[in-house]
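Enquirer: What follows is a predicted structure for the sequence shown.
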Amino acid sequence: MKLERVFSPIRIGAVEVPNRIVRTAHGTAMSFTDISEIVISYHEARAKGGCGLSILEAAAVHPSSAITQSLLGDKIVGGYRRLMAAIRPHGMRVFQQLWHGGNLYPAYDGPPWAVSTEPGYLGYVGRPMTEGEIQELIQSFARAAANCREGGLDGVEIHAGHGYLFQQFLSPIYNNRTDRYGGPIENRMRFLQETLRAVRAATGVDFPVGIRVSASEAPGGITEAEVNEVTIALQKEGLIDFLDASKGDYYRMATFYGAMEAPAGYELPSSTQLTEVATVPRIVTGRFRTLEEAEQVLREGKADLVSLVRAQIADPDLVRKTREGRADQVRPCIACNQGCVGGYIRNHRVGCTVNPVVGMEQAHSEDQIVKTARPKRILIVGGGPAGMEAARVAALAGHHVTLAEATAHLGGAIEIAKRAPRLQGLGDITYWLEQEIYRLGVEVQLGKYMDADDIRKYSADALVIATGSRPRMDGFQIANPGQPARGCDLPHVQSSVDLITDPARTVGRHALVLDTVGHFEGLGAAELLLERGASVTYVTHHISMSPYVESTLRVGPILERLYARGGLEILLRHHLVEIQRDHCTVRPLQAPAHQGRLVPADTVVLVTQNEPLRALFDELRSESPHAALVGDALSPRDLQLAIADGHFAARAIV
């Protein structure tokens, strides 16, 4: 597809955006009350990469609602000026999203200000705002917008969607007020209108102001038709210069971050209903990964700009590489949500599964990898994601790299994991890594099993061991380590690897999955068993099903699929006591031994912590001072850490 519209400039109010690619606001937790050098480097990398417009993450404008970034002091102006000094030479335009969470997040010093006492989705009961407090908050938005202009930003966006304060005022669920801010939609939009008027007055007509909107998926929530009434009224008064249309609220947060099973443009059936009434430039989002996908949306007239956030987290140079005819070199976002939203929720810092230097661009951006003047012979044993990433980075640095893989193909554990239901997207990153190492001249030896003597004969200057791990089938359970499950040697007991790689294997009518890991592996096993016609009892010591997936916001949609099939029972805080020929004994962790129960099971799948395959490293480590152990061979964890291991092991070779 010829890319024409995506590279054409567009005016938003008085500001010209150089192309149609946007990074809509997304939490990074890299800044708080000031703009840090970390966040400047993060945004500068995407500006260098060719993005047209970035909207900075939601920033609280008043202490009555707390979030990681706030605009509560005038010192933010200096931070904005430093940010824009770094970004302006690259042409990217920058807006700031202004935010108040209402009943979703607490205040800095107590309960949040809210529209009513109706509890928010996260359980907080807000303090209903008086009309005086509404006016105070309006002025806080205006003051924050004025600071944005003074700091050299190009515009602001008021967040009026996703269930935050303005949408709570708009919502018939939450707004039960009887004053002039409650009742019919023209009253419920009054707070937003008055805020936009104040922002306009504080910044001037030549400073772009827009809103982010969405319809709710909750029964009785605000609909697309009601949002459209608001948009029409705001446009009629000339209060907005652009419309950023999204979908959903905290009722179903997975909608915000459609994962790999969601198609490109999955939000469009809702968001295009919102954009159809817009007479100002329209932004849409929805798991777009390539400029070709964005071009198609633009050609169909569904929007004027398209947001690619996670795609530009994965590869900050996406736009530039594509413009230069190198789209095949763009590192793909696999929409696993583990590093980005998962990192933000779990670790309070955004990251990326496939791009280990996110948030570290100041010291570790890939353009700082320079060709060495003294190339070394590098041997990498193991062709999974950790080994391939090590090979890629070492080759970028100009070393002579050989990668030996014992099997007939590259990919490691991902070659198995991608065969689980709806996880095929995992293979996108290993495919890309494979193409990159061949492009960079890495010598790849497939079907090459190497023992310690083989490695010694190679006489490498540096050695990376990435030999992976294997399933542990001894019934060890971390919540009760002294009592492994009995009967693990029976023939109907298998690992998830056995289950996935042997599709012809009979699974019977009733299956039990023991999951002590709490990641995608157990979920994938359960879904595969249900697809093959077995009922599934899911046994875990965790307090929720797959807790390490919870932060990715993917458990909800997965459970929707599993329950839709029927035949699923989840036993939390449970221990697998014994496996027998056609049933298992399980009991609650805190219950006495005699309170076990029988569960029918003619197939048992053990998803427990793997055993690292590190024997080669242990034998050679004293002989090879420049040896590194990476990925599952170091410690069986996950894809994000495996890729990071390989990346930084290669960068340590000097």
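Expert: Looks like it came in fine. Here the structure is a predicted model, which means the values were calculated and not measured. Residues are numbered from 1 along each chain as shown.
Enquirer: Tally up the residues packed near the residue lying closest to Met189 once chain neighbours are set aside, please.
Expert: Excluding the flanking residues, the one nearest Met189 by CB to CB, 6 or more residues apart in numbering is Val230, at 4.8 Å. C-beta coordinates here come from the backbone N, C-alpha and C atoms, glycine included. Val230 has 24 neighbours, counted by other CB atoms under 10 Å.
Enquirer: roughly how far apart are the residue nearest to Glu611 when sequence neighbours are not counted and Thr608?
Expert: Nearest non-adjacent residue to Glu611, counting by CB to CB, 6+ apart: Arg472, 4.8 Å away. As defined by CB to CB, to the nearest Å, Arg472 lies at a distance of 5 Å from Thr608.
Enquirer: Between these two, which has more neighbouring residues?
Expert: Applying other CB under 10 Å to Arg472 and Thr608 shows that Thr608 carries more neighbours, namely 25 against 17.
Enquirer: ok, now which ones touch the more buried one?
Expert: With contacts defined as CB atoms under 8 Å, 6 or more residues apart in numbering, Thr608 is in contact with 471-472, 475-477, 514-517.
Enquirer: Run through the residues that contact the residue most central in space within the chain.
Expert: Most central in the chain under CA atoms, centre = their mean is Asn337, positioned 2.7 Å from the mean C-alpha point. Listed by CB under 8 Å, 6+ apart, the contact partners of Asn337 are 257, 259, 552-554.
Enquirer: Check Ile211 too.
Expert: Counting by CB under 8 Å, 6+ apart, Ile211 touches 157-161, 192, 196, 231, 234, 240, 243-244.
Enquirer: Let me know the closest of those to Gln445.
Expert: Asp244 (50.1 Å; CB to CB).
Enquirer: I'd like to know how many residues surround that closest one.
Expert: So Asp244, with other CB under 10 Å, has 32 neighbours.
Enquirer: bridging residues for it?
Expert: For Asp244, the beta-bridge partners under DSSP bridges are Arg212, Ile283.
Enquirer: Wait, it touches Ile55, no?
Expert: Yes: counting by CB atoms under 8 Å, Asp244 does reach Ile55; the two are 7.5 Å apart.
Enquirer: Now for these two: what residues contact both?
Expert: Common contacts of Asp244 and Ile55 (CB under 8 Å, 6+ apart): 24, 157.
Enquirer: list the contacts for Ile222?
Expert: If you count contacts by CB under 8 Å, 6+ apart, then Ile222 has 167, 170-172, 215-216 around it.
Enquirer: got the phi/psi numbers for it?
Expert: Here is the backbone geometry of Ile222 (degrees, to the nearest 10): phi -70, psi 140.
Enquirer: That one and Ala254: what is the separation?
Expert: Relative to Ala254, Ile222 is positioned 19 Å away (CB to CB).
Enquirer: do the same with Arg597
Expert: In terms of CB to CB, Arg597 sits 33 Å off from Ala254.
Enquirer: Of those two, give the one with the bigger neighbour count.
Expert: In this view Arg597 and Ala254 are compared by other CB under 10 Å, and Ala254 has more residues nearby, 19 against 14.
Enquirer: Mind checking what secondary structure the more buried one has?
Expert: Following DSSP: H, G, I helix; E, B strand; the rest coil, the label given to Ala254 is helix.
Enquirer: before we move on, back to that, make a markdown table from the contacts of Thr608 and add distance to Ala146 to it.
Expert: Formatted as a markdown table, the contacts of Thr608 follow (distance: CB to CB, whole Å):
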| residue | distance to Ala146 |
| --- | --- |
| Pro471 | 60 |
| Arg472 | 60 |
| Gly475 | 64 |
| Phe476 | 61 |
| Gln477 | 59 |
| Leu514 | 59 |
| Asp515 | 53 |
| Thr516 | 54 |
| Val517 | 51 |
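Enquirer: Considering the residues you listed, which is situated nearest to Ser365?
Expert: Taking CB to CB as the measure, Ser365 lies nearest Val517 of these, at 32.9 Å.
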